[in-house]
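Novice: quick one: sequence and predicted model below, then my questions.
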Amino acid sequence: MATVSVIDELKKAQILELLEQGKRIDGRALDEPRKILIEVNAIPKANGSAKVRLGDTEVLCGVKIQPDRPFPDMGDKGLFMCTAELLPLSHSTVETGPPRDDVIELARVVDRGIRESHMVDVAQLVIEKDKSVVGVFADIVSLDYDGNLFDACSYAATAALLTSKTPTWEMIDDKPTVVEGGEKQLPITTIPVSVTMGKIGNHIVVDPNGDEWDSMSARVTITTDSDGNICALQKGGSDGFTQEEINQCGDLSIKIGAKIRTQLKSTQEEYQKNG
Amino acid sequence: MADKRKYVIPGDIVTSGPFRPEQNVILEGNNIISTVVGISEIYEDSVKVIPLTGKYLPKIDDLVIGKVVSHTSLSWELDINSCYIGFLPAMDVFGRDFSTHSDELSSKLKTGDLVAARIANFDRTRDPLITISDRDLGKIDDGVLVKISTSKVPRLIGKKGSMIQMIENGTNAAVTIGQNGWVVVACESAEGLAKAKKAIEMVNEKAHIANLTDLIQDMLNEKDES
């Protein structure tokens, strides 16, 4: 059995035909993302977690915060790492086994978006310079797949980090030891939001669903920070974008990113208000 | 004659006694046990369970809708909504003088194409052999694929095709129903297409309702006026 999903040609033609009329197969506007549902603290025992549903795509992110050895060349900075994994329960074409290229790409794009926006201020995560630092690990699994895992994973990781609580450590006998009652928020500087756009024919669609994902010839994921600056970009697919299209995508990512950022922010505020 | 119909889940004892276990049941000792979620039917000398959900299990001579997912130099592989893949040999399409040197498979069917096909042979030990060399079979050029549950297919067809005829007459659409739960709807007008799709999805959701035929008829009429 094929392990990649194949879209039937008739549906592909239908999607393109609708796009020519300015419509999408699920009735959305071309620049309209699907409804986002964010449930933070979905894993009570984790330092932070979030379950995000983007249309019919659903992912779960858990954050683990623990002391670690710093990288030899970055003794004055804490660690941040983000991984992603596809579970076979999320789609019939997903198999167990080592991650495939697309999953490796997914993890890297989500990681890069958060890392390059400097969302987590890793300089504040040092317990003792060159000896011990705090490591923040965001691990994401997919629960349901209907296209655009990039954005779903990115929102889940961001929401989980925004609501994460970290213990405080101090060095006692050369070992990092937890300080009682020292629980605090992670040092957050900005809220990165990724927006993925696909190219079908000559049309740019925001947040492609599963069928659109299988029909598109190229895609681009652009991450913006709270100031509306583009901080990460990933292009995929065999087709190319013209300069105007890339400019259009950049504008879209800033415009739509701002809306999604408001939602992420209000989720964070609501969570903090309720303790 | 079927009596003692009841809902069963896997592990339920359907009955015990000298019955012949047929579909979706196993004989353990003297008990006949269901292996699926479904409705049990006890006949004079045999017992079977009609599953409520599940993948399609190929049966010889079934008409199915398949989607080409890949091909080798000798055959196509079709997704037929089953745990088995449909196997369509090139010779079936190109004829007996098929040659791997001169004939290119993707010239006839390429990945992503939908085909109406018939199960030519199947015995569970090998992937089902499929044929498209018959009248009304072959590549589907227009229409929309609607996926319904395999177990709802008989309901969609209705008694002697009554349900599907009603939908076709009410919408002017041509509906091809595969026994594997894939249905292709083709219609000249967009409204007819949408209505036929809605009717099929309604059958899929409300298959258990007794007066479904009336409901569908009402839905078909109601939209006509608006």
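Specialist: All right, it came through fine. Bear in mind that the values here come from a model prediction, so they are computed numbers and not experimental data.
Novice: max-length helix in chain B?
Specialist: helix B:190-205 (DSSP state H).
Novice: next to chain B, which bits of chain A? Give me the list.
Specialist: A:1, A:2, A:6, A:7, A:8, A:9, A:10, A:11, A:12, A:14 (Cβ under 8 Å from any Cβ of the partner chain). Every C-beta, even on glycine, is put in place using the N, C-alpha and C of the backbone.
Novice: the longest helix of chain B: how far from the chain's middle?
Specialist: Centroid displacement of helix B:190-205 relative to its chain, using Cα atoms, centre = their mean, to the nearest Å, is 17 Å.
Novice: buried ones in that helix?
Specialist: Under the neighbour-count criterion of 16 or more other Cβ atoms under 10 Å in any protein chain shown, helix B:190-205 has B:192, B:193, B:194, B:195, B:196, B:197, B:198, B:199, B:200, B:202, B:203, B:204 buried.
Novice: indicate whether stretch B:108-123 makes contact with chain A.
Specialist: Yes: against chain A, stretch B:108-123 shows contacts by Cβ under 8 Å from any Cβ at B:110, B:111, B:112, B:113, B:114.
Novice: and that stretch, how far from the chain's centre?
Specialist: On Cα atoms, centre = their mean, the centre of stretch B:108-123 falls 13 Å from the chain's centre.
Novice: could you dump it to PDB, C-alpha only?
Specialist: C-alpha atoms of stretch B:108-123 as PDB (Å, rounded to 0.1, in the frame of the first residue of the first chain):
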ATOM      1  CA  LYS B 108      -3.800   4.900 -20.200                       C
ATOM      2  CA  LEU B 109      -4.100   5.400 -16.400                       C
ATOM      3  CA  LYS B 110      -2.000   7.600 -14.200                       C
ATOM      4  CA  THR B 111      -1.700   8.000 -10.500                       C
ATOM      5  CA  GLY B 112      -4.800   9.800  -9.100                       C
ATOM      6  CA  ASP B 113      -7.200   8.600 -11.800                       C
ATOM      7  CA  LEU B 114     -10.500   7.100 -10.700                       C
ATOM      8  CA  VAL B 115     -11.700   3.900 -12.300                       C
ATOM      9  CA  ALA B 116     -14.900   1.900 -12.200                       C
ATOM     10  CA  ALA B 117     -13.800  -1.700 -12.000                       C
ATOM     11  CA  ARG B 118     -15.000  -5.200 -11.200                       C
ATOM     12  CA  ILE B 119     -13.400  -7.700  -8.800                       C
ATOM     13  CA  ALA B 120     -12.400 -10.500 -11.200                       C
ATOM     14  CA  ASN B 121     -10.900 -12.900  -8.700                       C
ATOM     15  CA  PHE B 122     -10.200 -12.900  -5.000                       C
ATOM     16  CA  ASP B 123      -9.300 -15.500  -2.400                       C
END
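Novice: and it, which residues are buried?
Specialist: By neighbour count with 16+ other Cβ under 10 Å, stretch B:108-123 contains the buried residues B:108-109, B:111-120, B:122.
Novice: do the same with stretch B:42-60
Specialist: Going by neighbour count (16+ other Cβ under 10 Å), the buried part of stretch B:42-60 is B:42, B:47, B:48, B:49, B:50, B:51, B:52, B:54, B:56, B:57, B:58.
Novice: pLDDT below threshold where in chain A?
Specialist: A:1-4, A:275 (pLDDT under 70).
Novice: and whatever helix or strand residue A:182 lives in, which strands flank it?
Specialist: Using DSSP states H and E, residue A:182 sits in strand A:175-185. Strand A:175-185 sits in its sheet next to strand A:165-172 (antiparallel), going by DSSP bridges.
Novice: so which residues make contact with the strand it pairs with?
Specialist: With contacts defined as Cβ atoms under 8 Å, 6 or more residues apart in numbering or on different chains, strand A:165-172 is touched by A:47-48, A:65, A:67, A:127-128, A:131-132, A:134, A:136, A:176-179, A:182-186.
Novice: buried ones only from those residues, please, as a PyMOL command.
Specialist: Entered in PyMOL, the line below selects the buried ones among the contacts of strand A:165-172, by 16+ other Cβ under 10 Å:
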select buried, chain A and resi 47+48+65+67+127+132+134+136+176+186
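Novice: now residue B:179, nearest residue through space, not along the chain?
Specialist: Closest residue in space to residue B:179, ignoring its immediate chain neighbours: residue B:62 at 4.0 Å, by Cβ to Cβ, 6 or more residues apart in numbering or on different chains.
Novice: how many neighbours does residue 207 have?
Specialist: Looking at chain A here, since you left the chain open. Residue A:207 is flanked by 26 other residues according to other Cβ atoms under 10 Å in any protein chain shown.
Novice: chain B is the one I meant
Specialist: As a burial measure, residue B:207 scores 17 neighbours (other Cβ under 10 Å).
Novice: kind regards, and thank you for your time.
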